[in-house]
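1. pasting the sequence and the predicted coordinates here, then a few questions.
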Amino acid sequence: MQALIIAGTESSPNIIFDAEKNIFEMKGESRPENAKAFYDPVIEWMKNFCTEALQKGSLKEKVVLCVFFDYFSSSSAKYLMNIFARLDELHKNNIPVEIKWIYSEIDIEMKESGEEFKKLLTLPFKFEVVK
């Protein structure tokens, strides 16, 4: 499966989804003018990845999606939930997946956002604080 790499901008996150190298990262700001246009290809890639994984019934390695946002808009949150929900399906089918939610030690709101996502999903969340 071809990797999805989107360079971040001032208003959109850097995204690396590379199944071959087992790298799954979303980092930066997420407040694109058109969240749908930005996230549709990301969700499509994740949908295809998850479909393949479910058909195989396993993956070579555990999928760890590293999420490190400085900020994300409410419109972005809807799309993030869609991505997380697809990974949640893998988890429910005994395919090892987790979210690594990284946040700045001074950004309590970002920590709380991760905790809110965690409440809505069954997949494991690990929280990591950076200084």
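-> Received it, and whenever you're ready, just let me know what you need. Residues are numbered from 1 along each chain as shown.
2. pretty sure Gly8 sits against Asn14.
-> Yes. Using Cβ atoms under 8 Å, Gly8 is in contact with Asn14, at 3.3 Å. For the C-beta atoms, the positions are set from N, CA and C on the backbone; glycine is no exception.
3. overlap in contacts of those two?
-> 27-28 (Cβ atoms under 8 Å, 6 or more residues apart in numbering).
4. which of the three states applies to Gln55?
-> helix (DSSP: H, G, I helix; E, B strand; the rest coil).
5. what's the neighbour count on it?
-> Neighbour count for Gln55, taken as other Cβ atoms under 10 Å: 7.
6. ok, now Ile23?
-> 15.
7. please name the nearest non-neighbouring residue to it.
-> Spatially, and ignoring its direct neighbours in sequence, Ile23 is nearest to Ile16 (5.3 Å; Cβ to Cβ, 6 or more residues apart in numbering).
8. repeat that for Ile102.
-> Per Cβ to Cβ, 6+ apart, closest to Ile102 is Phe68, 3.9 Å.
9. hey, C-alpha coordinates of stretch 31-41 in PDB?
-> Only the C-alpha atoms of stretch 31-41 are listed here, as PDB (Å, rounded to 0.1, in the frame of the first residue of the first chain):
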ATOM      1  CA  ARG A  31      -7.600  24.200  11.200                       C
ATOM      2  CA  PRO A  32      -7.800  23.800   7.400                       C
ATOM      3  CA  GLU A  33     -10.200  26.200   5.700                       C
ATOM      4  CA  ASN A  34     -12.000  23.200   4.200                       C
ATOM      5  CA  ALA A  35     -11.600  20.300   6.600                       C
ATOM      6  CA  LYS A  36     -13.600  18.000   4.400                       C
ATOM      7  CA  ALA A  37     -11.300  18.600   1.400                       C
ATOM      8  CA  PHE A  38      -8.200  18.100   3.500                       C
ATOM      9  CA  TYR A  39      -9.300  15.000   5.500                       C
ATOM     10  CA  ASP A  40     -11.200  13.100   2.800                       C
ATOM     11  CA  PRO A  41      -8.100  11.600   1.200                       C
END
